[in-house]
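# sequence unavailable; structure follows:
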């Protein structure tokens with residue numbers, strides 16, 4: 001499967017490299033776009049859910065990497081949401097990168 005990494009900047013400026021086992025994430029997240037915190041989480045949830053299912057279709061099991069990544073995103077987002085009620089919290093997608101490190 002063509003895995004992809006998406007780099008995000010959280011509301012406090014911290015950055016994180018996130019994993020997806022499928023390029024479907026490109027259908028839900030765009031480079032340079034700033035998403036409301038809850039929208040980013042929902043888009044990630046949808047994209048990683050589809051990605052995990054694509055792995056199941058191909059290999060017969062759901063991708064734990066996708067579910068682990070989603071859990072990490074949800075935990076991180078919850079901390080920002082509780083900090084200020086999540087009202088002004090934004091997440092920016094900084095890049096989409098192939099497994100070989102080349103930009104998409």
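That came through, no problem. The structure presented is a predicted model; accordingly, all values stated were derived computationally and were not measured. Numbers count the residues shown, from 1 in each chain.

# the helix or strand that contains residue 70 - contacts with which helices or strands?
Under the criterion of DSSP states H and E, residue 70 resides in helix 64-84. Counting contacts by 3 or more C-beta pairs under 8 Å, 6 or more residues apart in numbering; DSSP states H and E, helix 64-84 is packed against strand 15-20, helix 37-59. The C-beta positions use only the backbone N, C-alpha and C, and glycine is treated the same way.

# outside of the least confident helix or strand in the chain by mean pLDDT, which residues touch it?
Ranked by mean pLDDT, DSSP states H and E, the helix or strand of the chain with the weakest confidence is helix 64-84, at a mean of 91. Contact with helix 64-84 is made by 10-12, 16, 18-21, 37-38, 40-41, 44-45, 48-49, 51-52, 55, 86, 89, 91, as judged by C-beta atoms under 8 Å, 6 or more residues apart in numbering.

# and residue 92, what does it touch?
Counting by C-beta under 8 Å, 6+ apart, residue 92 makes contact with 8-9, 32-35.

# now, these that are in strands?
Of the contacts of residue 92, the ones assigned to strands by DSSP state E are 8-9, 34-35.

# residue contacts, the residue nearest the centre of the chain?
Nearest to the mean C-alpha position of the chain, by C-alpha atoms, centre = their mean, lies residue 44 at 4.5 Å. Neighbouring residues of residue 44 by C-beta under 8 Å, 6+ apart: 18, 25, 28-29, 70, 73.

# can you lay out the residues you listed as CSV showing distance to residue 95 and neighbour count?
Formatted as CSV, these follow (distance: C-beta to C-beta, whole Å; neighbours: other C-beta atoms under 10 Å):
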residue, distance to residue 95, neighbour count
18, 11, 20
25, 12, 26
28, 15, 20
29, 10, 19
70, 19, 21
73, 16, 20
